[in-house]
Every structure is written in structure tokens, then in C-alpha cells.
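**Student:** Quick one, structure for this:
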Amino acid sequence: MTPTPARFPSALYRARVVGRALAGLARRGYWSAQGMQVGARTVLPRLQATWPHQVAIGADCVLEPELFFKWDGIWSPGPCLRIADRVFLGRGCEFNAQVGIAIGEDSSIASGCKFVDHDHGIVGERIDEVPGRKGAIVLGRQVWLGANVIVLRGVTIGDGAVVAAGAVVTRSIPPREIWAGTPARLLRPRPTSPAAA
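**Tutor:** Next comes the predicted model:
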């Protein structure tokens, strides 16, 4: 008797799910052994980290592959890159820190977003010799960033704010506002009910 077509895909699907879960557990063990803090029920995808002890990821987070956590400096105690509970990080997000980057609970960060908490100065002959400026980046709770948003040094994004895809955030955003553009600017307050949208 030949197997029915419906049974084969479900068995293959289950095998893939189990394989991914085992790979995630192996990655969790690898990164935890190097000092990364990972909360309960958070499965690690393929990622890179220059100083794993600088990274703390909360519980129940959903992380897509190709994340890059970069501590841009010499060894120092950590963590300085803090991802709170129930955060979604899309494929290819990059965190580049010298001071600190914090993402609040229940935030959703789409693919390709970048966070850089320092920059180069521009006054002087050689750009690599000019002292830069630094400032921590803080995202509040339930912040939503569209694809390929860039958040620069010293920015705080308030609870419930939304930033449209492709925006470059150079200044702080108050809670529950919608911003877009390069540089990002206020579009309107975020509606409080579906009827107001």
C-alpha cells in the first residue's frame, strides 16, 4: 500500500521543525557559553556577535536569521545591547553600539533595521582622527519600526510609536506618534481606535 500524499508533507514538515529546534538549542548553548543572556523560549537563529557578553535577549522573542550584534570597542563589562521580552527582530537587523541600545517589550522591528549609537565628527583634516559623538538609543514598549529604518545616536522612541519603512531617525520621537522620511518627521498622532484611522 502506498502512503497517501497528505502524510508525506506533514512528516517532512515535522522533521524540519524538529531539526530547526535542535539547531536553535545548539546555538543557544554556544552563545550562552560565551556570555550571551537568552531568555526562556527564545530560539536563536544564525547570528553574529563581536562580544556576546554584551547581548541580553529576553523571553519569548522571535528572531529571524542574520542578526548582527556589534560592540564597537574593546572588552568591557556588559550587557549594553538589551532586547526585552516578546520582541520581534526581522532578518538582517544590525546593532552597532559603543554606549548602549535598548529595545522595549512587545516591540516589532522589521527586516534590515540598523541602530548606531555613535558617529564620526566632521571638523578636521582626517575624518578618522576627529572625535565622534555618542548617545544611547532607547526604544519604549510596543514600538513598531518598518523595514530598513535607521536609528542614530541619542534617539529615544516613545511607547507605541510607529516609524515608516526606510526612515532615518535622527531625533527623539514622543509616544504614540507616526513618523516617516529622511530625516524622519511627524506625520500624525497614532489613532486610538480603528475608526479613527
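
**Student:** Who are the contact partners of Arg188?
**Tutor:** With contact taken as C-beta atoms under 8 Å, 6 or more residues apart in numbering, Arg188 is in contact with 177-178. For the C-beta atoms, the positions are set from N, CA and C on the backbone; glycine is no exception.

**Student:** what's the answer for Arg153, then?
**Tutor:** Applying C-beta under 8 Å, 6+ apart, the residues contacting Arg153 are 99, 116-119, 133-135, 137.

**Student:** do the same with Phe115
**Tutor:** By C-beta under 8 Å, 6+ apart, the neighbours of Phe115 are 93-97, 101, 137, 150-151.

**Student:** For it, give me the pLDDT.
**Tutor:** pLDDT for Phe115: 98.

**Student:** would you say it is within a helix?
**Tutor:** No. Read with DSSP: H, G, I helix; E, B strand; the rest coil, Phe115 is strand and lies in no helix.

**Student:** Neighbours of the closest residue to Ala165 other than its chain neighbours, how many?
**Tutor:** Spatially, and ignoring its direct neighbours in sequence, Ala165 is nearest to Gly146 (3.3 Å; C-beta to C-beta, 6 or more residues apart in numbering). Look at Gly146: counted by other C-beta atoms under 10 Å, it has 19 neighbours.

**Student:** pretty sure Gly146 is touching Ile178, no?
**Tutor:** No. Gly146 is beyond contact range of Ile178, at 10.4 Å (criterion: C-beta atoms under 8 Å).

**Student:** joint contacts of the two?
**Tutor:** 162-164.

**Student:** Looking at the residues you listed, state which has the most neighbours.
**Tutor:** Top of the shared contacts of Gly146 and Ile178 by neighbour count (other C-beta under 10 Å): Val163, with 28 neighbours.

**Student:** Contact partners for it?
**Tutor:** 143-146, 149, 157, 169, 173, 178-180, 184.

**Student:** Could you identify the most distant pair in those residues?
**Tutor:** Val143 and Ala180 (14.4 Å; C-beta to C-beta).

**Student:** how much space between the residue nearest the centre of the chain and Asp72?
**Tutor:** Closest residue to the average C-alpha location of the chain: Leu89 at 4.8 Å, with C-alpha atoms, centre = their mean. Per C-beta to C-beta, to the nearest Å, Leu89 is found 19 Å from Asp72.

**Student:** Can you read off the pLDDT for the residue nearest to Ala165?
**Tutor:** 98.

**Student:** Then Asp128?
**Tutor:** 71.

**Student:** Next, format the contacts of Val163 as a markdown table and append secondary structure.
**Tutor:** Shown next, in a markdown table, are the contacts of Val163 (three-state DSSP):
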| residue | secondary structure |
| --- | --- |
| Val143 | coil |
| Trp144 | strand |
| Leu145 | strand |
| Gly146 | coil |
| Val149 | coil |
| Ile157 | strand |
| Val169 | strand |
| Ile173 | strand |
| Ile178 | strand |
| Trp179 | strand |
| Ala180 | strand |
| Ala184 | coil |
